[in-house]
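Enquirer: based on what follows, work out the 3D shape:
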Amino acid sequence: MPALDDLLREGAAPIIAILRGVTPAEVTDIGAALFEAGIRIIEVPLNSPEPFASITALHEAFGDRALIGAGTVLDCASVDRLASTGARLMVAPNTDRAVIGRTVEQGLEGIPGFMSPTEALTAIAAGARHFKLFPARFLGPGYLEALREILPDDVHIWAVGGIDQGNMEAWFAAGAKGIGLGGALYRRGQGAMETGTKAAALVAAWNDMKRRSA
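Expert: Numbers count the residues shown, from 1 in each chain. Presented below is the predicted three-dimensional model:
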């Protein structure tokens with residue numbers, strides 16, 4: 001099972017596909033479309049229908065080649081249930097020391113959410129090394145750039161909330177390690193073909209940006 005840092009070192013696009021609203025019946029086809037397009041990090045938010053069934057299906061199909069997990073994780077019981085599926089990614093919208101600590105105890109990859117410097121430093125003290133700035137669209141890349149000046153170099157921020165192909169470059173320029181996309185990539189009821197097309201365009205944009213900055 002690939003670790004997050006290993007995936008990024010190997011050149012995987014630093015893009016989290018957020019499949020909010022996906023169902024177990026469709027999730028494997030959508031996951032296959034994302035994987036074919038080059039996406040290697042996928043989360044199913046826990047406010048989706050039967051989320052753990054979808055997470056299990058994705059992990060069984062792609063867990064040896066991609067990092068699969070849960071989003072909108074709000075309590076330790078959900079961390080434990082996630083760990084029981086074999087999937088390894090825990091994403092939360094907030095900073096909760098108990099949830100972060102349980103994630104570390106279970107050996108999962110954690111990306112807790114934060115908005116303020118206080119929350120970021122609290123998450124670091126609890127053991128997190130990757131965080132999501134959420135909701136990013138209300139703060140802007142300039143806010144992230146300022147945060148990077150006071151946070152340790154060995155912690156990594158993912159911009160989530162309002163990110164799309166049109167503004168992703170500004171976020172990377174401001175110091176984002178990666179981005180997470182929900183509605184700009186997948187919406188409830190969207191088919192695998194449309195999802196794959198959007199994902200391929202996004203990965204192509206990332207690869208083009210990387211080439212231009214090399």
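Enquirer: how many other residues sit next to the closest residue to Ala184 other than its chain neighbours?
Expert: Nearest non-adjacent residue to Ala184, counting by Cβ to Cβ, 6 or more residues apart in numbering: Asp164, 3.9 Å away. Where C-beta positions appear, they are placed from N, C-alpha and C, glycine not excepted. Neighbourhood size, Asp164 [other Cβ atoms under 10 Å]: 15.
Enquirer: the one 5 residues further on now?
Expert: Burial of Glu169 is recorded as 16 neighbouring residues (other Cβ under 10 Å).
Enquirer: repeat that for Leu4.
Expert: Considering only other Cβ under 10 Å, Leu4 is surrounded by 24 other residues.
Enquirer: phi, psi for it please.
Expert: phi -60, psi -50 (degrees, to the nearest 10).
Enquirer: mind checking how far it is from Leu151?
Expert: With distances taken as Cβ to Cβ, to the nearest Å, Leu4 is found 18 Å from Leu151.
Enquirer: could you do Leu8 as well?
Expert: Distance from Leu8 to Leu151, counting by Cβ to Cβ: 18 Å.
Enquirer: and if you look at Ala25?
Expert: 41 Å.
Enquirer: show me which of those two is the more surrounded one.
Expert: Using other Cβ under 10 Å as the criterion, Ala25 and Leu151 rank with Leu151 on top: 17 against 12.
Enquirer: who's in contact with the more buried one?
Expert: 117, 120-121, 124, 157 (Cβ atoms under 8 Å, 6 or more residues apart in numbering).
Enquirer: give me the buried entries from the residues you listed.
Expert: Listed as buried from the contacts of Leu151 are 120-121, 124, 157; burial here means 16 or more other Cβ atoms under 10 Å.
Enquirer: ok, the residues you listed vs Gly180, which is closest?
Expert: Ile157 (11.1 Å; Cβ to Cβ).
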